[in-house]
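Chemist: give me coordinates for this.
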Amino acid sequence: MKILVWRSVLAGLVLWLGSLAPARAQGSAPTAPLLRSLSLTFDTVRYSLGEQMLTVAGEPRLYFYYHNDDQVAELRLVPSRAGGRAPRLLPSPDFVLQDSLIAGPNGEYRGMLHFRNLTGAPFVRLAFAPAADSAGQLARAQQLVSLLPLTRTTLDARLTSPELFIGEEKVIELSTNNLANVRVPNEWTKNQDVDYKLTREKNGLFLHLVPNTLGGHAVIVRAQTERPHLDGAGRLSYQLLPLRLDFVVRASRLRFLSADRKDITYDEAGRTAGSELTLDDGHNFDLRRTYRIEGQQEPGGALIAELYTRSYLSNDRVLCQLRVYNTHRQADGYLYIKDGDMAKYITNFDITPRPRIATLSVLHRGGDWTTNTTINPGETVDVRFEGESLLKGRYHFDGANIIPSDSSTRSEKVAIFRVQVPLSSVRKRIVVYDGNSPTDFSLNVKEAQRPHPLNFVQVNYGNGPHPINQLNGPILYDKTISDVIFSFNNNAIDESGNLYGRQYLTMDVRTVDDKGNLIDQRTVDQFVVCPGESSPRYAYYQGNDCQVGNFSLNSILGRKTYDLDAWYRIIITVRDVAGQYSSKGYSQQIELVLRRHVNFDISVSFPAGLLTKYAGESSYNSFGGISLATLAQLSFYAPDRINKLRPYRVGAGFVALNAFNLSNDKTITRDLGIVILGSVVPVRTGARLTFPLYLGGGYLLSAGKPFLLFGPGIGVTL
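Modeler: Residues are numbered from 1 along each chain as shown. Down below sits the predicted model:
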């Protein structure tokens, strides 16, 4: 009973003191408290003003336990004046009154308070003011209730391995039920067997450990909180329960320190002035000390570089100065950072010379690698670099494009690129760049100059133009050749993406008679045929030496084509000028033959042993002597053969029967007749003496009668 009385007295005193301070601040007389009682209920626990009270910094506060920063509590209050209206709770950024205060039994008012950031808010107060006065004006705050949020914070860790190693930092994630309430000083302990520090990273709490002494050691982590709790004696405590972790510290194992650069240039500047490098903090580095870097852990290794430690950085790294004395590649193994001959750490990065191109070669389509760097606009070639440290180079071609290709390779010694020169390129030289710096190598751009098939050359000998590569074999022409005209289809040379350039041609012309004897011979040393307007490089090909218009063969012949006799041949050879191209050119021969179907000449022959039959006689006369026949004769040529006669002939003329019969026999008839004779002549090339057979008839001038004759003869060719 006494305890209840004292609690009532204490509650009234607290309410009076809460109302006294504002009243004195206003310079007026103390006023009566606004509240008779006040309580906050969290979950199932109720905290009442006057009962759960603690004095902090001379100020009484209502304490309560929370487990969530944004926890909701039920507010209950009773005004000091019975039956009076509920005082008004002034707004605050630390909480929100979700609903207005609702009157309940026994003059009690209730509402829901939604707190915000209980851990981070430095001071939490409930400020009450009387309800609005009769004039509708809001009264100033009359009573403050200071709150003291308390919470119980736990700290634990799960060890996966109890081992620590000298010189090696180990990081363990800690678990806690209130991460924001754990105070993180982010400072290392000093001079402990195992030094540690707490850090908050990525919404997690981590314990960093660095051992200093071999053997078994217990690490006692003593952390503090932002919000206190009550200890067993009822006092406020900001100290968490100590967290004990047991470890076994073993001798150091080499720790890998990552560098911010994975490629160091080996040159004169790197040996003398050196370059800056940052490494992970090994926690055993001595500042302003030079460490030796070798390629082996055992003593006596070759010096690869020296590492001079300059200063610690805020991101737990060390700024160093590195001087290199030998090359090293990561594939060759680790680099050992030594203090004297004792390896302390390992790291790895490349130490390579500056990229350098020693030779450049070009591969054209269908060719072999060559050191001739001349290429053509629109051409795609493979370019090969040979040198050292080529993987470090950032190569590009100024004025040409690098095309990704499966055949492109890159290594330290060899680099192959597929390069295309644009068709619209106006440059004569494409320089190879390494980054922004030009190298000593380049590609020379020259207009395409490849032999094109000769289908762009057309010849017209009387029946229209024909591409010369379609004229194969002798061409038998029946009419007179007035002229042989050569024309050039300039637009058939270049195509988009397939350039040939200017075409250099030469022409040999020979004229032979029907017996193969040379009549005339001419040579045109060089025609220059330039691609036409359809070529994408048309503007770059034109020159004064380009062939304009057609070419007449009669312009160079001594004996013109229209003066040639039957079976004369014109042999024309058109070919590429070999000295203008790097590959074998094309050649085409045209043979024009002046064909005739019939030949007319005067023939003198000597029929002998003729059988004759005269009109009115019933039988043939006996074989006569040698006669003389002079005929205007037609001979016929074999079709599709050059200057080859058929074995028969037809002629008309005179025959002197028995002209060479000198006998005095009066029965022998000598007479001159007009005849039409057909002869069959053996066809033998080069024969000067032939024996034709004659068949025909005519009219005897002396006897005045017609006759028939048949028999052999003798033909002489002179």
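Chemist: and the helices in the stretch 1-150 of the chain, which stretches?
Modeler: With DSSP state H, counting those that start in this stretch as the criterion, the stretch 1-150 of the chain has helices at 2-25.
Chemist: show me where it has strands.
Modeler: Remark: strands assigned in the stretch 1-150 of the chain by DSSP state E, counting those that start in this stretch are 35-42, 45-48, 53-56, 59-65, 72-79, 88-89, 95-97, 102-103, 109-115, 124-129, 143-150.
Chemist: may I see these organised as CSV, with distance to residue 403 and mean pLDDT added?
Modeler: Just so you know, the C-beta spots here come from the backbone N, C-alpha and C atoms, and that holds for glycine as well. Below are those laid out as CSV (distance: least, C-beta to C-beta, whole Å; pLDDT from 0 to 100):
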stretch, distance to residue 403, mean pLDDT
strand 35-42, 72, 90
strand 45-48, 76, 92
strand 53-56, 77, 89
strand 59-65, 72, 91
strand 72-79, 67, 90
strand 88-89, 76, 88
strand 95-97, 66, 91
strand 102-103, 80, 86
strand 109-115, 66, 91
strand 124-129, 70, 89
strand 143-150, 69, 90
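Chemist: make CSV from those strands and add distance to residue 420 to it.
Modeler: Putting the strands of the stretch 1-150 of the chain into CSV (distance: least, C-beta to C-beta, whole Å) gives the following:
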stretch, distance to residue 420
strand 35-42, 76
strand 45-48, 80
strand 53-56, 80
strand 59-65, 76
strand 72-79, 71
strand 88-89, 79
strand 95-97, 69
strand 102-103, 83
strand 109-115, 69
strand 124-129, 73
strand 143-150, 73
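Chemist: dump the ones you listed into TSV; add distance to residue 366 and mean neighbour count as well.
Modeler: Formatted as TSV, the strands of the stretch 1-150 of the chain follow (distance: least, C-beta to C-beta, whole Å; neighbours: other C-beta atoms under 10 Å):
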stretch	distance to residue 366	mean neighbour count
strand 35-42	88	20
strand 45-48	92	16
strand 53-56	93	14
strand 59-65	88	20
strand 72-79	84	19
strand 88-89	93	20
strand 95-97	83	18
strand 102-103	96	10
strand 109-115	82	17
strand 124-129	87	19
strand 143-150	85	20
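Chemist: what's the nearest residue to the residue nearest to the spatial centre of the chain if we skip its chain neighbours?
Modeler: Nearest to the mean C-alpha position of the chain, by C-alpha atoms, centre = their mean, lies residue 404 at 3.5 Å. With C-beta to C-beta, 6 or more residues apart in numbering as the criterion, residue 404 has its nearest non-adjacent residue at 7.7 Å, and that residue is residue 418.
Chemist: tell me which residues in whatever helix or strand the one you found lives in are buried?
Modeler: Here residue 418 sits within strand 414-420, counting by DSSP states H and E. Using 16 or more other C-beta atoms under 10 Å as the test for burial, strand 414-420 gives 415, 416, 417, 418, 419, 420.
Chemist: residue 400: which of those residues is nearest?
Modeler: Using C-beta to C-beta, residue 419 comes nearest to residue 400 of those, at 5.0 Å.
Chemist: separation between the closest one and residue 368?
Modeler: Per C-beta to C-beta, to the nearest Å, residue 419 is found 17 Å from residue 368.
Chemist: same question, residue 203
Modeler: Distance, residue 203 to residue 368, using C-beta to C-beta: 64 Å.
Chemist: for residue 44, same thing?
Modeler: Applying C-beta to C-beta, one obtains 92 Å for the distance of residue 44 from residue 368.
Chemist: could you do residue 274 as well?
Modeler: Distance of residue 274 to residue 368, computed by C-beta to C-beta: 46 Å.
Chemist: who has more neighbours, those two?
Modeler: Taking other C-beta atoms under 10 Å, residue 274 and residue 368 do not tie; residue 274 has more neighbours (18 against 7).
Chemist: tell me how many other residues crowd the nearest residue to the more buried one once chain neighbours are set aside.
Modeler: Spatial nearest neighbour of residue 274, chain neighbours left out: residue 323 (4.0 Å); criterion: C-beta to C-beta, 6+ apart. Neighbours of residue 323 under the rule other C-beta under 10 Å: 19.
Chemist: just checking, residue 323 touches residue 304?
Modeler: No: with contact defined as C-beta atoms under 8 Å, residue 323 does not count as touching residue 304 (10.3 Å).
Chemist: and stretch 211-219, which residues are buried?
Modeler: Quick answer for stretch 211-219 (16+ other C-beta under 10 Å): 211, 212, 217, 219.
Chemist: and the last one, that one's in a strand?
Modeler: Yes: if the criterion is DSSP: H, G, I helix; E, B strand; the rest coil, then residue 219 is within a strand.
Chemist: OK, contacts around it?
Modeler: Counting by C-beta atoms under 8 Å, 6 or more residues apart in numbering, residue 219 makes contact with 192, 194, 196, 209, 244, 245, 246, 247.
Chemist: and these, which are buried?
Modeler: Among the contacts of residue 219, those buried by neighbour count (16+ other C-beta under 10 Å) are 192, 194, 196, 209, 245, 247.
Chemist: which residue ranges form the strands in the stretch 301-450 of the chain?
Modeler: Ranges of strands in the stretch 301-450 of the chain, per DSSP E, counting those that start in this stretch, are 303-312, 317-324, 335-339, 342-347, 350-353, 356-363, 369-370, 374-375, 380-388, 395-397, 401-403, 414-420, 429-434, 437-445.
Chemist: and residue 520, which of the ones you listed is closest to it?
Modeler: Nearest to residue 520 among those is strand 374-375 (41.2 Å), distances taken as C-beta to C-beta.
Chemist: how far out from the middle of the chain is the closest one?
Modeler: Computed by C-alpha atoms, centre = their mean, to the nearest Å, the chain-centroid distance of strand 374-375 equals 22 Å.
Chemist: what packs against that strand?
Modeler: Judged by 3 or more C-beta pairs under 8 Å, 6 or more residues apart in numbering; DSSP states H and E, the packing partners of strand 374-375 are strand 437-445.
Chemist: so what strands line up beside the strand it packs on?
Modeler: Sheet pairing of strand 437-445 (DSSP bridges) gives strand 374-375 (parallel), strand 429-434 (antiparallel).
Chemist: residue 495: which of the ones you listed is closest?
Modeler: Closest to residue 495 of those is strand 374-375 (C-beta to C-beta; 18.0 Å).
Chemist: residues making contact with the closest one?
Modeler: Contacts of strand 374-375 (C-beta under 8 Å, 6+ apart): 362, 364, 381, 419, 421, 430, 443, 444, 445, 446.
Chemist: for those residues, which one is nearest residue 33?
Modeler: Residue 33 has its nearest neighbour among the contacts of strand 374-375 in residue 419, at 92.3 Å by C-beta to C-beta.
Chemist: now the helices: where do they sit in the stretch 501-650 of the chain?
Modeler: Using DSSP H, counting those that start in this stretch, helices in the stretch 501-650 of the chain cover 538-541.
Chemist: quick one: the strands in it?
Modeler: Along the stretch 501-650 of the chain, counting by DSSP E, counting those that start in this stretch, strands occupy 503-512, 518-529, 551-552, 569-576, 587-594, 598-607, 611-614, 628-637, 645-657.
Chemist: packing partners of the first one?
Modeler: Contact partners of strand 503-512 among helices and strands, from 3+ C-beta pairs under 8 Å, 6+ apart: strand 518-529, strand 569-576.
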